[in-house]
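S.K.: sequence? don't have it. structure:
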């Protein structure tokens, strides 16, 4: 069989379908477990921060999508959309206030402009 290699769009569509299925499967050891771990790590980190202090966390786009999707109450389609556009080395900012955690900036990658644009990657 001489099928053409998949295009970037083919790969993205497959990834979107797989992520959607994983989230909607609702298995105890699936997305809920993954997101539970993300949120537990976030709570542990924020509990250790003194007021007014910052933390830098280096992680994957899936973790960022899970956290931001939770903060935005985004649902399946929103989480898939966040994951789809996450740029490697993008910066996401979350603040803590009296009402809890708030997403302030998502996926900022202005530092990959000009000559550095070629360094920007996804997936």
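M.R.: Perfect, thanks for sending it. Small disclaimer: the values here were computed from a predicted structure and weren't measured.

S.K.: Show me the shaky parts of this structure.
M.R.: 123 (pLDDT under 70).

S.K.: Tell me where it has strands.
M.R.: Assigned by DSSP state E, the strands in the chain fall at 91-97, 100-108.

S.K.: export these to TSV and tack on mean neighbour count and distance to residue 7?
M.R.: For the C-beta atoms, the positions are set from N, CA and C on the backbone; glycine is no exception. Below are the strands of the chain laid out as TSV (neighbours: other C-beta atoms under 10 Å; distance: least, C-beta to C-beta, whole Å):
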stretch	mean neighbour count	distance to residue 7
strand 91-97	13	28
strand 100-108	14	23
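
S.K.: Can you lay out those as TSV showing distance to residue 70?
M.R.: Formatted as TSV, the strands of the chain follow (distance: least, C-beta to C-beta, whole Å):
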stretch	distance to residue 70
strand 91-97	11
strand 100-108	9
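
S.K.: Which of these sits closest to residue 36?
M.R.: When the strands of the chain are compared by C-beta to C-beta, strand 100-108 sits nearest residue 36, at 15.7 Å.
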